[in-house]
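K.L.:
This is a predicted model, with the sequence first.
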Amino acid sequence: MLSVVIPTLQAGGTLGATLDAVTAATGVGEVLVVDAGSTDATRAIATRAGARVIAAPRGRGMQLAAGAAAATGDWLLFLHADTVPAPGWDRALAGFIDDPASRERAAVFCFALDDPSPAARRLERWVDWRTRGLGLPYGDQGLLIARDFYAAVGGFSPMPLMEDVDLARRIGRSRLAVLDAAAVTSAVRYRNEGYMRRGLRNLVCLSLFFLGVDPKRIERLYR
């Protein structure tokens, strides 16, 4: 069974579209929304969509780990609340799950933004190279992984940021597949801050993490 885990905090503006895509798919056994204290409509939206809502301390790593612990499926799909899998995504997941070799691998979606601008296409190409060449996807590409393998590699660490890169490094590039399906993420942060500025900030955060800087300090820069 597939369990979908979605961490949320004030996600009322985007969560509905994500849940619509997830609940309309075949093969999804349960949806868990792991909320860190939203005061908007997040929890109500999740409940109306039939998701199970649980509470966890704020921070994506803590929320994702809590969701994995509460999930009952033998396969886990982690998704951000502003990421919507494109049509056909469930078939791509089924193909990966049906391969016995996938029990010791993980998979991510192709990165896509809901922005028609050339800057968005350039960023998508950069992320594709980073994912395939370096084995470093971010959480907005989702993560599909068998529960046993998730436990074997140590699961998500309780960190507020960079939990996705931390886990991807333990999975390793050779055990990471890119699905033939996209997950479309909101580009609002890039549009608001500018692609260049946001991209440079993300690169600085990644570099600081590799240099061993505490993710709590990196989070202050990221926000």
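P.N.:
Now that the structure is in, tell me what you want to look at.
K.L.:
and the strand of greatest length in the chain, how far out from the chain's middle?
P.N.:
Longest strand in the chain by number of residues, with DSSP state E as the criterion: strand 176-185. On the basis of C-alpha atoms, centre = their mean, to the nearest Å, strand 176-185 is displaced by 11 Å from the centre of the chain it belongs to.
K.L.:
For the next helix or strand after that strand, what is the distance to the chain centroid?
P.N.:
Scanning forward in sequence from strand 176-185 by DSSP states H and E, the next helix or strand is helix 188-193. Centroid separation for helix 188-193 versus its chain: 19 Å, with C-alpha atoms, centre = their mean.
K.L.:
Buried residues, helix 188-193. List them.
P.N.:
Buried residues in helix 188-193, counted by 16 or more other C-beta atoms under 10 Å: 190-191. Every residue, glycine included, has its C-beta placed from N, CA and C.
K.L.:
where does this protein have its least confident helix or strand?
P.N.:
Ranking every helix and strand in the chain by mean pLDDT, DSSP states H and E puts helix 215-222 at the bottom, with a mean of 80.
K.L.:
sorry, back to before: the longest strand of the chain packs against which elements?
P.N.:
When contacts are defined as 3 or more C-beta pairs under 8 Å, 6 or more residues apart in numbering; DSSP states H and E, strand 176-185 packs onto strand 83-85, helix 89-98, strand 106-113, helix 118-134.
K.L.:
try it again with 7 Å
P.N.:
With contacts defined as 3 or more C-beta pairs under 7 Å, 6 or more residues apart in numbering; DSSP states H and E, strand 176-185 has these neighbours: strand 83-85, helix 89-98, strand 106-113.
K.L.:
Just put those in TSV and tack on mean pLDDT, distance to Asp74 and mean neighbour count.
P.N.:
Shown next, in TSV, are the helices and strands packed on strand 176-185 (pLDDT from 0 to 100; distance: least, C-beta to C-beta, whole Å; neighbours: other C-beta atoms under 10 Å):
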stretch	mean pLDDT	distance to Asp74	mean neighbour count
strand 83-85	94	20	24
helix 89-98	94	9	17
strand 106-113	97	14	24
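K.L.:
With distance to Val153 as added columns, please give those in JSON lines.
P.N.:
Formatted as JSON lines, the helices and strands packed on strand 176-185 follow (distance: least, C-beta to C-beta, whole Å):
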{"stretch": "strand 83-85", "distance to Val153": "22"}
{"stretch": "helix 89-98", "distance to Val153": "17"}
{"stretch": "strand 106-113", "distance to Val153": "8"}
